[in-house]
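# sequence and computational prediction follow.
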Amino acid sequence: MTADSVGAGVIYDTLQADKNRHYLRAGVGAFDLVDDEDQAVEGRLEYSPAWSVYRFRPVIGAAATNDGGAIFHAPSAHDFVLPYEHVYVWFETGPALYSTATARTLAATRSCAPASRSAFRTEGGWRLGASFHHMSHGGIFGDENPGTEMIALNVSVQF
């Protein structure tokens, strides 16, 4: 994956092989991997419908950690099929709500680092890949900004 491939996907309306497919995505990975304060195992489940507005698709999802944390999110997503048609990169950003087992709640904007998901798409439409997410409120809800990162392996099934 190169920056010029992603840049071309932003400028040009590249082929969207999966634009008319619903996807159910499951993932498992590490929560709070970077600052190591509340590390946990995270499992997530997301749904993406088969419609979009100028290639931006809604996503509805939830995640849970083995220490009682929960995340509910509804981002908007955009995927780019790279020059090799079986490889894609998926970017998303949008609102999320995170709650810990101790009932501390963080209203957050879920934003993702570039190349938030990279994956291989099979001939049958399944997607197998990895993701990196950063969740933070960016200081808009006060000086304390307990942002966190998640890294996961994902499988997406079309239907």
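All right, it came through fine.

# quick one, strands of the protein?
23-31, 40-48, 57-58, 60-65, 70-73, 76-81, 87-99, 105-111, 117-121, 127-136, 148-158 (DSSP state E).

# surely residue 69 and residue 98 touch.
Yes: using C-beta atoms under 8 Å, residue 69 is in contact with residue 98, at 6.8 Å. The way it works is simple: take the backbone N, C-alpha and C, and place the C-beta from them, glycine included.

# ok, the two, which is more surrounded?
residue 98 (23 against 20; other C-beta atoms under 10 Å).

# okay, and for this protein, where does confidence drop off?
Counting by pLDDT under 70, the chain contains low-confidence ranges at 1-18, 36, 83, 101-115, 138-139, 141-142, 144-146.

# work out the gap between stretch 64-75 and the centre of the chain.
From the chain centre to the centre of stretch 64-75 is a distance of 13 Å (C-alpha atoms, centre = their mean, to the nearest Å).

# how about the closest residue to residue 117 other than its chain neighbours, what does it touch?
Nearest non-adjacent residue to residue 117, counting by C-beta to C-beta, 6 or more residues apart in numbering: residue 90, 3.8 Å away. Residue 90 sits next to 77, 78, 79, 80, 116, 117, 118, 119, 131 when contact means C-beta atoms under 8 Å, 6 or more residues apart in numbering.

# may I ask which of the residues you listed has the most neighbours?
residue 79 (25 neighbours).

# correct me if wrong: it contacts residue 89.
Yes: shown here, residue 79 and residue 89 form a contact pair, counting by C-beta under 8 Å, at 6.9 Å.

# tell me which residues are up against stretch 42-50.
19-31, 57-66, 69, 71, 77, 150, 152.

# which of those are buried?
Buried members of the contacts of stretch 42-50, counted by 16 or more other C-beta atoms under 10 Å: 23, 25, 27, 29, 31, 57-59, 61, 63-65, 69, 71, 77, 150, 152.

# so how far is stretch 49-58 off the chain centroid?
Worked out by C-alpha atoms, centre = their mean, stretch 49-58 lies 15 Å from the chain centre.
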